[in-house]
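1. I would like to see how this sequence folds:
(one chain, ligands or ions: 2)
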Amino acid sequence: MLSEFDLIARYFTRPTRRPGPVTLGIGDDCALLTPPRGSQLAISSDMLVEGRHFFPNADPFQLGHKCLAVNLSDLAAMGAAPVGFTLALSLPAARPEWLEPFSKGLLNLADRHGCELIGGDTTKGPLNICITIFGQVPPAQSLRRDAAQAGDDIWISGTLGDARLALAGYRNELPLDKDMLAGAAPRMHAPTPRVELGVALRGIARAAIDISDGLVGDLGHILHRSGVGASLDVDRLPPGTVLAAQAADLRRRFTLAGGDDYELCFTAPANRRDEVLAAGSLSSTPVTRVGSIEALPGLRLKDADGMPLPMQLTSFDHFASP
Ligand code: ADP
Ligand code: MG
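-> Numbers count the residues shown, from 1 in each chain. Ligands and ions are numbered 1, 2, ... in the order given. Model prediction:
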């Protein structure tokens, strides 16, 4: 049987890269970070609970990827560059068949973003994974929710709705054939955090959020915090490749209020469109202009002809749903 310390040493401990902001990694009472002079630390936590955020039989490699991806996505939405993260792990048993692929999925993605595992906690219990991530961003360049201004364009990275479509397939809410489910499933299990785009948008975008609970709800946080309203051109929202082949009503519902997209929704002044497009190319991330921020509070949905779309949509709320 693997002890707690063997487990940490075998699956989660690696040499600290030098030079870098991580002065001391795993093994002491605390990690030590030395951020470059003048930069701000961006800090965020996300917890993934079995049965709530992932299926009990979830593939451990994909789970390792996803639990770090959702945290990297929060850094991206702030315009912060990844530095390191801690991992608090509650596990029913120390099984190598699970730990090996889990740590691979986690650390492969960490390496791709130069984000070091610097500490954590390990305990026996129901499967529960909590990551706290640390990033750095120059002061005055962070992309805050409260910074949108009337007249800004609203942009979306990548595509929306395929993760929700896959979930609908698993739940038998929709008749999805095997190929469609196979096409949409990676969007649910292995989201791509838009870290490079977030960094490229520093000094260009004003406000940003990552879309985890559905566009309408998450854009609503920007509107609320910024004290503004918006119009969205619903038929301009970029659907995922599988969702694109579905009927218009489903396309609209799942792009507007799907969830688990982990794309960025951001605002930028209308005179900076070329720079936003350049940031998209620089980071190899498609960006689509989907609406505008307005002084009048509330969110107005419009169809391709600019006509108002009356739609009742709810975003995901853990305490509102069963
Ligand atoms: P403490 O008793 O101070 O909480 P632990 O014995 O829990 O310390 O952990 C020993 C070291 O291993 C610490 O540096 C801690 O950050 C690290 N650690 C524990 N669990 C994990 C984990 N799941 N992933 C990465 N590092 C971990
Ligand atoms: Mg501990």
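
2. Can you name the residues of the stretch 51-200 of the chain that neighbour ligand 1?
-> By Cβ under 6 Å from any ligand atom, the residues of the stretch 51-200 of the chain that approach ligand 1 are Leu87, Leu89, Leu117, Gly119, Gly120, Asp121, Thr122. Every C-beta, even on glycine, is put in place using the N, C-alpha and C of the backbone.

3. any idea which of the residues you listed is closest to Leu160?
-> Closest approach to Leu160 among those (Cβ to Cβ): Leu87, at 29.0 Å.

4. List phi and psi for that closest one.
-> Per-residue torsions, Leu87: phi -130, psi 110 (degrees, to the nearest 10).

5. ok, is the lowest-mean-pLDDT helix or strand in the chain in contact with ligand 1 or not?
-> Least confident helix or strand, the chain: helix 4-7 with a mean of 90, by mean pLDDT, DSSP states H and E. No. Using Cβ under 6 Å from any ligand atom, helix 4-7 stays clear of ligand 1, with a minimum separation of 6.8 Å.

6. who touches that helix?
-> Ala94, Leu99, Thr122 (Cβ atoms under 8 Å, 6 or more residues apart in numbering).

7. repeat that for 6 Å
-> Around helix 4-7, the neighbours that count as contacts under Cβ atoms under 6 Å, 6 or more residues apart in numbering are Ala94, Thr122.

8. just stretch 137-150 next, same as before
-> Contacts for stretch 137-150 (Cβ under 6 Å, 6+ apart): 39-40, 42, 78-80, 202-203, 205-209, 221-222, 225-226, 228, 267, 293-295.

9. again, only this time at 8 Å
-> By Cβ under 8 Å, 6+ apart, stretch 137-150 touches 38-40, 42, 77-81, 198, 201-203, 205-209, 221-223, 225-226, 228, 266-267, 269, 293-295.

10. quick one: low-confidence ranges for the stretch 1-150 of the chain?
-> Of all residues in the stretch 1-150 of the chain, none has pLDDT under 70.

11. What count of nearby residues applies to Met307?
-> Neighbour count for Met307, taken as other Cβ atoms under 10 Å: 8.

12. Now the least confident helix or strand of the chain: buried residues?
-> Leu7 (16 or more other Cβ atoms under 10 Å).

13. Look up how far Ala58 lies from the residue of the stretch 201-322 of the chain found nearest ligand 1.
-> Nearest residue of the stretch 201-322 of the chain to ligand 1, counting by Cβ to the nearest ligand atom: Tyr262, 22.8 Å away. According to Cβ to Cβ, to the nearest Å, Tyr262 stands 17 Å off from Ala58.

14. Just the buried residues of stretch 275-286, please?
-> Applying 16+ other Cβ under 10 Å to stretch 275-286 flags Glu275, Val276, Ala279, Gly280, Ser283, Thr285 as buried.

15. Those residues into CSV, with extra columns for distance to Leu143?
-> Output for the buried residues of stretch 275-286, formatted as CSV (distance: Cβ to Cβ, whole Å):
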residue, distance to Leu143
Glu275, 14
Val276, 12
Ala279, 12
Gly280, 15
Ser283, 14
Thr285, 15
